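Visitor: Sequence first, then the predicted structure:
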Amino acid sequence: MTETTDAPGYPAEFAERYRAAGYWRGETFGQMLRDRAQAHPDRIAIVDPSGEGRRWTYGELDLRADRLAAGFLAHGIGKGDRVVVQLPNVAEFFEVVFALFRIGALPVFALPAHRETEIRHFCAFTEAAAYVIADVSEGYDYRELASKVRAEVPGLKHVFVAGDPGEHTALAAVPTEPVAVIPDAPAPHELAFLQLSGGSTGVPKLIPRTHDDYIYSLWGSNEICGVDEDSVYLCALPAAHNFPLSSPGTLGALYAGARVVLARRPSPDVAFPLIAAEGVTITGLVPPLALVWTEAAAETPYDLSSLQVLLVGGAKFSEEAARRVRPALGCTLQQVFGMAEGLVNYTRLDDPEEIIVTTQGRPISPADEVRVVDDEDNDLPAGETGHLLTRGPYTIRGYWRAPEHNATAFTADGFYRTGDVVRRTETGHLVVEGRAKDQINRGGEKVAAEEIENHILAHPAVHDAAVVSMPDAYLGERTCAYVVLREGAAPVKSIAIKKFVRERGLAAFKVPDRVEFVTEFPQTGIGKVSKKDLRAAIAAQVAAAAAAQR
């Protein structure tokens, strides 16, 4: 893949190396599904228990993707067009994305939690041709959101709705007779989709993934996680998130010819009955949910004995919590540490228990190049803590349409600066120590401090704001907003600041968990706000409150 104005590709010498080594197999997602459907058309691919319950075979999913692909083409959506997909865990998610994969249009994966501010940005920045939503999910009407966004983004031509379309177009009305030949079908080295980054500035950057590189991460993950055609993967986290999509996730399960079971919510009351009914063998959770599951398992009447592997990732899993998994759930814990930009690390199923509970794993591929460096990019020996840099056969070489950011996010020789602070053990396993960027990891959801600060600063009574992480036993980190009010401003309550941020159209997980009013911020020696001191102050308050409760 050559360098383009949209996304830097893999240099030719690296692409040749990855193909020669067999990492890139020359497959596309559209052909992958076709191959599985031809090999076992009657095997169940997707189980969607919502509504009356649906069980789509590989043959049905393939035909549905074909018919929807033809319908998208008839609506003028074709190769290279961007389509923002914001669907909950429903079967239509896979029908839509495989239809887009088949015609070479690029899904832009949005999460159900995203609201007007984020969706407007995604649609405008990508110049999206279409936006695909559910009608109502978890009490939220996405049709109203779509109407607002469409009014503000003139280039957005279509809104397709799974369910009652309201003023938009019903997704069910789009499919038509399959076309014999897809015009200009995508090639393996070309882009398959755009994933969202966490981003330290709050404006998510777009991660361009090719068929070649992402499919390698799927089958590489399958080999490590023991996923084969007999596996049953429970998608408990939002389907569009990179972790449940590819580690090994729903796409990994479909690559293996396995069965994917969709849970509308990851809570034990929803997930446990599905595990028992479908014989789920593997699933993935973020640490807070893993804690909930281990606590709920002791009282559940459901048979969870089919569950063989629980993957935990998205945020660091504490050692104490990790030790509870096997006794509580009777399955193997597999820690996962990765990023939508590429590199994924797993503990292995045959690793000693001590490594499984104390590390976040080692890379998928022998071709993953991992560096741990100091502030001057000097390599550090095993055991020392430093910044994680990486490049490899499924790690991007640059963000989509972000040349200025790429100049700092990647080294001159193509290593991605992950922003993670880690140490590497003598066995090659990584232990995550934190983040270098000004970003809070709230139970696996990345919250950019700068974005929230900018919204708080829009409040007429606010002079300055600083958002930092505070420790939390359940989520790992929560957000604390320190606020300095304008001189002479009327008193403002913390609930008013939270309400103000929420009403600006942000996802709920970005609303500050706590607001502290101060008259001034501590400063560093050069006059910058000392977030280190603010973090220390709130950590001390949290610790004191916890001690008082004991």
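Guide: That came through, no problem.
Visitor: which one is the residue nearest to the spatial centre of the chain nearest to, not counting chain neighbours?
Guide: The structure's the chain has its C-alpha centroid closest to residue 241; by C-alpha atoms, centre = their mean the separation is 3.1 Å. Excluding the flanking residues, the one nearest residue 241 by C-beta to C-beta, 6 or more residues apart in numbering is residue 111, at 6.5 Å. Bear in mind the C-beta positions are built from the backbone N, C-alpha and C, glycine included.
Visitor: Tell me the confidence at the one you found?
Guide: Model confidence at residue 111, expressed as pLDDT, equals 93.
Visitor: Confirm it sits in a helix?
Guide: No. Looking at residue 111 with DSSP: H, G, I helix; E, B strand; the rest coil, it is coil, so not inside a helix.
Visitor: State the distance from it to residue 431.
Guide: As for residue 111, its distance to residue 431 is 28 Å (criterion: C-beta to C-beta, to the nearest Å).
Visitor: now the strands: where do they sit in the stretch 251-400 of the chain?
Guide: Using DSSP state E, counting those that start in this stretch, the strands of the stretch 251-400 of the chain run over residues 259-262, 282-285, 309-312, 332-338, 344-346, 362-363, 369-373, 385-391.
Visitor: right, so of these, which gets closest to residue 51?
Guide: Relative to residue 51, the nearest member of these by C-beta to C-beta is strand 259-262, separated by 11.4 Å.
Visitor: mind saving the C-alpha coords of the closest one as CSV?
Guide: Presented in CSV, the C-alpha positions along strand 259-262 are these (Å, rounded to 0.1, in the frame of the first residue of the first chain):
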residue,chain,number,x,y,z
ARG,A,259,-21.0,-19.0,16.5
VAL,A,260,-21.5,-15.4,17.8
VAL,A,261,-24.1,-14.7,20.5
LEU,A,262,-25.1,-11.1,21.1
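Visitor: measure the nearest residue in space to residue 401 that is not next to it in sequence to residue 80 for me?
Guide: Leaving aside its chain neighbours, residue 401 sits nearest to residue 6 (5.6 Å; criterion: C-beta to C-beta, 6+ apart). Look at residue 6 and residue 80: by C-beta to C-beta, they are 9 Å apart.
Visitor: go on, residue 130?
Guide: 13 Å.
Visitor: Please say which of these two ends up with more neighbours.
Guide: Set residue 130 next to residue 80 and count neighbours by other C-beta atoms under 10 Å: residue 130 wins out with 24 against 15.
Visitor: wait, the more buried one sits on residue 86?
Guide: No. Between residue 130 and residue 86 there is no contact under C-beta atoms under 8 Å: 11.3 Å.
Visitor: How about residues contacting the top helix by length along the chain?
Guide: Longest helix of the chain, by residue count under DSSP state H: helix 531-549. Where contact means C-beta atoms under 8 Å, 6 or more residues apart in numbering, the residues beyond helix 531-549 that reach it are 438, 449, 466, 468-473, 480, 482, 514, 516, 521-522.
Visitor: ok, for residue 276, nearest residue in space, not its chain neighbours?
Guide: Excluding its sequence neighbours, the residue lying closest to residue 276 (C-beta to C-beta, 6+ apart) is residue 302, at 4.2 Å.
Visitor: and the two most separated of the contacts of helix 531-549?
Guide: Maximum distance among the contacts of helix 531-549 (C-beta to C-beta): 26.9 Å, for 473 and 521.
Visitor: Those two: which has the busier surroundings?
Guide: Set residue 473 next to residue 521 and count neighbours by other C-beta under 10 Å: residue 521 wins out with 17 against 12.
Visitor: Quickly note the distance from the nearest residue to that one once chain neighbours are set aside to residue 470.
Guide: Spatial nearest neighbour of residue 521, chain neighbours left out: residue 529 (4.6 Å); criterion: C-beta to C-beta, 6+ apart. Noted for residue 529: a distance of 16 Å to residue 470, by C-beta to C-beta.
Visitor: how about the strands in the stretch 51-200 of the chain?
Guide: 54-57, 82-86, 106-109, 130-134, 136-137, 140-141, 158-162, 169-170, 191-196.
Visitor: Can you check the pLDDT for the residue lying farthest from the centre of the chain?
Guide: Within the chain, the residue lying farthest from the chain centre (C-alpha atoms, centre = their mean) is residue 488, at 43.3 Å. The confidence metric pLDDT takes the value 91 at residue 488.
Visitor: before we move on, what about residue 64?
Guide: 98.
Visitor: again, but for residue 3
Guide: On the pLDDT scale, residue 3 gets 43.
Visitor: Residue 321 too?
Guide: 87.
Visitor: Which residues are in contact with residue 336?
Guide: 243, 247, 284, 311, 312, 313, 314, 344, 345, 346, 360, 361.
Visitor: I'd say the first one and residue 237 touch.
Guide: Yes. Checked against C-beta under 8 Å, the pair residue 243 and residue 237 is within contact range at 6.3 Å.
Visitor: what is in contact with the two at once?
Guide: Here residue 243 and residue 237 have 284, 286, 314 as joint contacts, going by C-beta under 8 Å, 6+ apart.
Visitor: Could you tell me how many residues sit around the last one?
Guide: Burial of residue 314, expressed as a neighbour count using other C-beta under 10 Å, amounts to 28.
Visitor: Kindly report the domain assignment for this protein.
Guide: What automatic domain parsing lists as the domains of the chain is 29-186, 439-549.
Visitor: give me the beta-bridge partners of residue 169?
Guide: Going by DSSP bridges, residue 169 is paired in beta bridges with residue 160.
Visitor: tell me, how many neighbours does it end up with?
Guide: 16.
Visitor: about what we covered before: just checking, which of the contacts of helix 531-549 belong to helices?
Guide: residue 449.
Visitor: Now residue 441: closest residue in space, sequence neighbours ignored.
Guide: Per C-beta to C-beta, 6+ apart, closest to residue 441 is residue 315, 4.7 Å.
Visitor: Roughly how far does the one you found sit from residue 468?
Guide: Look at residue 315 and residue 468: by C-beta to C-beta, they are 17 Å apart.
Visitor: Who has more neighbours out of the two?
Guide: Set residue 315 next to residue 468 and count neighbours by other C-beta under 10 Å: residue 468 wins out with 23 against 20.
Visitor: Could you measure from the more buried one over to residue 449?
Guide: Where residue 449 is concerned, residue 468 sits at a distance of 7 Å (C-beta to C-beta).
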